[in-house]
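J.: A structural model of the following input is requested.
(2 chains)
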Amino acid sequence: MIMKGRAHIVGDHVDTDQIIPSRYLGTLDPAKLAEGCFFNLLPGFATRVRRGDILLAGENMGCGSSREHAPIAIKSTGISCVVARGFSRIFYRSAINIGLPVVICPEAIDFTAAGAEISVDFDRGVVESAGRAAEFAPFSPSILEILSAGGLVPFMSRRLAQEEI
Amino acid sequence: MGLTATQKIVASHSGREHVAVGETVTVKVDLAMSNDMTSPLAVKQFRSAGARKVFDATKICIVAGRHMPFRDEAFGKSVDGVREWCSEHGIANFYADMEGMDHALVPDLGFIRPGMLICNADSHACTYGALGAWGLAMGSTDMAYIYAFGETWVRVPETIRVRYVGRPAKYVTSKDYVLATERALTVDGARYKTLEFCGPALDDLSVDERFTIANMGIEMGAKSSFMAPDRKVADYLASRTDVPYEAVWSDEDAEFERTLDIDIGELGPVLAKPHSPDNVVPVDEVKGVRVTQVCIGTCTNGRLIDLQQALEIMRGRKVAKGVRLIVTPATAIIMRQAEELGLIDEFRAIGAQINPPGCGPCTGWHQGVLGDDDICVATHNRNFPGRMGSPKAQIYLSSPYVAAAAAIAGVITSPEAIAP
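T.: Here you go, the predicted structure:
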């Protein structure tokens, strides 16, 4: 699987309040959550994302509250993948669970410019932009199982079906 | 080589003799939780996956009364949906009658016991570490899976030990201990790790004061907090539950990633400046900053002792002109205790307004949202940009003493300077 798109960049320690303010937590409607995504930090973010674009972030991406509305909001804008120097653990798990791939690759953050084309090759474990490439570590087996099922909900359905046989 | 308490809890919940740091294992969950904000998605995912029954209705607890009364119709409807799901699955531990917020309520009900493994779709699940339990925060979809199967995967984390030594000066509280730790470790210094708190200055604290410290583990990125359960914890539980439990402790020769000593004796009252919980400075460094709102409450500092400490400073005085003082007891139980002790009347006489029990204005959802020009001193745990409303608002995090001093003076000031 290869994902390609333009790079959007946010900094270090972007917390879930900045990703999606609490006033949007009353809804699970993806269009509403997309509208609220980075509401204060990057107003109008969703309108600038083309489907498939890639979000780059610094350290500790998604720190703060456990609201899963945060990765859902990012995914709902059309972002296909988040590459960061590092993630907070709750955000990391939740993103995988909803089928939003998250990649830890500090080097890629160093060489990718805002608006540049960037590609993430999950089979080779490589991020490329502007002729430069960086490798990232493969997902752990438990995460890979969830990702290849398409997220935790389909993974769950499969287990439920197996156990009922 | 001995084992950390975290390794022991993970091992006992994964049917293993021993687990190594860095390993990924499947653990059985003793108590699965979510709240009014996170349950609706958990329920939706549970249903979308085609799950028809929960793993064990007695091991599920949903506190959906954290933000009450309802702010709007949509929120009321979403809590009603959770209520329906709980009734469908026979989940008796459903709290949506304004009982307050989970991290104060659920320990008080005796549901959290040493050695337990609790998963909660709320980042402050680490609070339960104060009772020697392992509280793991997760997202809603993770909880949907746990509601169906009663288990989840975890990576066995490293443990960082924080040891509090020295004797605290007057007006130095457990909130100051944890803010000082925050300054030392920063907002991601304990990411993916257990923070195990110990030391003589911790032992001296009451269980309620310890909750304040355990609660803010997540603000350093921790996967969980842990404190070795002692006599005080046993006494706390004795009046709350007769369910037996097996406490665990880290072995003397357990492998800690590092040990951080914090000398409380050298600490004065501190606060975290905007816009990060690790932006911690002594109160004197920001004294004189004008304040428009003071909030006392939350899962960090919304317990009885916090209300009492605030009143030590404010008793018999008046809130400064231009300041809104908002008090939010964390639970209805605490509200009732405070009423019986006359604290609520005292707060009212000072000029405070009392919110219904719960999370109050901490998340910027209701009951005290900040505008562009607001400067707030809050006993909360987060001061991220826009956390309580406008991203231009300034939020300072402090102990109840420092918050109370600001409410009376109208500016940030040391409790010492203003104490009666």
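J.: neighbours of the residue of the stretch 101-250 of chain B found nearest chain A, just the number please.
T.: Across the stretch 101-250 of chain B, the shortest distance to chain A (C-beta to the nearest C-beta) belongs to residue B:139, at 3.3 Å. C-betas here are computed from N, CA, C, even on glycine. When neighbours are counted by other C-beta atoms under 10 Å in any protein chain shown, residue B:139 registers 31.
J.: Assess the claim that it and residue A:93 are in contact.
T.: Yes: the pair residue B:139 and residue A:93 passes the contact test of C-beta atoms under 8 Å, sitting 6.1 Å apart.
J.: Can you name the residues bridging to residue B:117?
T.: Here residue B:117 shows beta-bridge partners residue B:134, assigned using DSSP bridges.
J.: check contacts around the most centrally placed residue in chain A.
T.: In chain A, the residue lying closest to the centroid (C-alpha atoms, centre = their mean) is residue A:82, at 3.6 Å. Counting by C-beta atoms under 8 Å, 6 or more residues apart in numbering or on different chains, residue A:82 touches A:54-57, A:61, A:74, A:95, A:100-103.
J.: can you give me the strands in the stretch 301-420 of chain B?
T.: Counting by DSSP state E, counting those that start in this stretch, residue ranges of the strands within the stretch 301-420 of chain B are B:324-328, B:353-354, B:375-378, B:394-397.
J.: can you redo those as CSV with distance to chain A and mean pLDDT?
T.: Putting the strands of the stretch 301-420 of chain B into CSV (distance: least, C-beta to the nearest C-beta, whole Å; pLDDT from 0 to 100) gives the following:
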stretch, distance to chain A, mean pLDDT
strand B:324-328, 15, 98
strand B:353-354, 21, 98
strand B:375-378, 14, 98
strand B:394-397, 11, 98
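J.: hmm, back to that, for the residue of the stretch 101-250 of chain B closest to chain A, phi and psi?
T.: Residue B:139 has phi and psi values of phi -90, psi 180 when expressed as degrees, to the nearest 10.
J.: and the gap between it and residue A:70?
T.: Residue B:139 sits 9 Å away from residue A:70, taking C-beta to C-beta, to the nearest Å as the criterion.
J.: between those two, what contacts are shared?
T.: If you check residue B:139 and residue A:70 against C-beta under 8 Å, 6+ apart, the residues they both contact are residue A:94.
J.: What parts of the stretch 301-420 of chain B come near chain A?
T.: Within reach of chain A by C-beta under 8 Å from any C-beta of the partner chain, the stretch 301-420 of chain B has these residues: B:363-365, B:382, B:384-387, B:391.
J.: Let me fix that, I meant to ask about the stretch 101-250 of chain B.
T.: When proximity is defined as C-beta under 8 Å from any C-beta, the stretch 101-250 of chain B approaches chain A at B:121-123, B:137-142, B:144-145, B:148-149, B:153, B:155, B:187-188, B:191-192, B:218, B:221, B:223.
J.: In strands, which of those residues fall?
T.: Assigned to strands by DSSP state E, the following of these qualify: B:137, B:153, B:155.
J.: Out of the residues of the stretch 101-250 of chain B next to chain A, which sit inside helices?
T.: When these are checked against helices using DSSP state H, the ones located there are B:140-142, B:144-145, B:148-149.
J.: which of those tops the neighbour count?
T.: The most crowded member of those, judged by other C-beta under 10 Å, is residue B:141 (31 neighbours).
J.: Quick one: residues contacting it.
T.: Applying C-beta under 8 Å, 6+ apart, one finds that residue B:141 lies in contact with A:68, A:94, A:97-98, A:151-153, B:41-42, B:45.
J.: mind redoing it with 6 Å?
T.: Contacts for residue B:141 were tallied using C-beta atoms under 6 Å, 6 or more residues apart in numbering or on different chains; they are A:97, A:152, B:45.
J.: of all the residues you listed, which comes closest to residue B:87?
T.: Out of the contacts of residue B:141, the one with the shortest distance to residue B:87 is residue B:45. That distance is 18.9 Å, counting by C-beta to C-beta.
J.: Which helix or strand contains the closest one?
T.: Secondary-structure assignment from DSSP states H and E places residue B:45 in helix B:39-48.
J.: Any chance of the backbone angles for the residue lying closest to residue B:265 once chain neighbours are set aside?
T.: Spatially, and ignoring its direct neighbours in sequence, residue B:265 is nearest to residue B:166 (3.0 Å; C-beta to C-beta, 6 or more residues apart in numbering or on different chains). Note on residue B:166: backbone dihedrals following degrees, to the nearest 10 are phi 90, psi 170.
J.: Residue B:166 - how many residues pack around it?
T.: Per other C-beta under 10 Å, the neighbour tally for residue B:166 reads 16.
J.: same check, this time on residue A:110
T.: Residue A:110: 10 surrounding residues under other C-beta under 10 Å.
J.: Spatially nearest residue to the residue of chain A at minimum distance from chain B (excluding sequence neighbours)?
T.: Of all residues in chain A, the one sitting closest to chain B is residue A:94 (3.3 Å; C-beta to the nearest C-beta). Leaving aside its chain neighbours, residue A:94 sits nearest to residue B:139 (3.3 Å; criterion: C-beta to C-beta, 6+ apart).
J.: do you know how far residue B:418 is from residue B:297?
T.: Spatial separation of residue B:418 from residue B:297 under the definition C-beta to C-beta is 21 Å.
J.: which of the two has more neighbours?
T.: Neighbour comparison, residue B:418 and residue B:297: the larger count goes to residue B:297, with 35 against 18 (by other C-beta under 10 Å).
J.: For residue 120, which non-adjacent residue is spatially closest?
T.: In the absence of a named chain, chain A is used. Setting aside the residues directly before and after it, residue A:120 is nearest to residue A:3 in space (C-beta to C-beta, 6+ apart), at 4.7 Å.
J.: that answer is for a different chain, and I need it for chain B
T.: Leaving aside its sequence neighbours, residue B:120 sits nearest to residue B:33 (C-beta to C-beta, 6+ apart; 3.9 Å).
J.: So which elements touch the longest strand seen in chain A?
T.: Of all the segments of type strand in chain A, defined by DSSP E, the longest one is strand A:2-9. In terms of contact count using 3 or more C-beta pairs under 6 Å, 6 or more residues apart in numbering or on different chains; DSSP states H and E, strand A:2-9 is assigned the packing partners strand A:54-57, strand A:117-121.
J.: now with 10 Å?
T.: Judged by 3 or more C-beta pairs under 10 Å, 6 or more residues apart in numbering or on different chains; DSSP states H and E, the packing partners of strand A:2-9 are helix A:45-48, strand A:54-57, strand A:81-84, helix A:106-111, strand A:117-121, strand A:126-129.
J.: a markdown table for the ones you listed, including mean pLDDT?
T.: Compiled in a markdown table, the helices and strands packed on strand A:2-9 are given as follows (pLDDT from 0 to 100):
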| stretch | mean pLDDT |
| --- | --- |
| helix A:45-48 | 97 |
| strand A:54-57 | 98 |
| strand A:81-84 | 98 |
| helix A:106-111 | 98 |
| strand A:117-121 | 97 |
| strand A:126-129 | 98 |
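J.: got these as TSV, with distance to residue B:307 columns?
T.: Conversion of the helices and strands packed on strand A:2-9 to TSV gives the following (distance: least, C-beta to C-beta, whole Å):
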stretch	distance to residue B:307
helix A:45-48	41
strand A:54-57	39
strand A:81-84	40
helix A:106-111	45
strand A:117-121	51
strand A:126-129	51
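J.: mind checking which of those is nearest residue B:311?
T.: For the helices and strands packed on strand A:2-9, distance to residue B:311 was read as C-beta to C-beta. The smallest value, 43.4 Å, belongs to strand A:54-57.
J.: Next, see if the closest one gets close to chain B.
T.: No: shown here: strand A:54-57 not in contact with chain B (C-beta under 10 Å from any C-beta of the partner chain), separated by at least 12.8 Å.
J.: so how far is the helix or strand following that strand off the chain centroid?
T.: Using DSSP H and E, the next helix or strand after strand A:54-57 towards the C-terminus is helix A:69-76. For helix A:69-76, the separation from the chain centroid amounts to 8 Å (computed by C-alpha atoms, centre = their mean, to the nearest Å).
J.: Show me what helix A:69-76 is packed against.
T.: Using 3+ C-beta pairs under 10 Å, 6+ apart as the test, helix A:69-76 ends up in contact with helix A:16-19, helix A:30-36, helix A:45-48, strand A:54-57, strand A:81-84, helix A:89-97, helix B:140-149.
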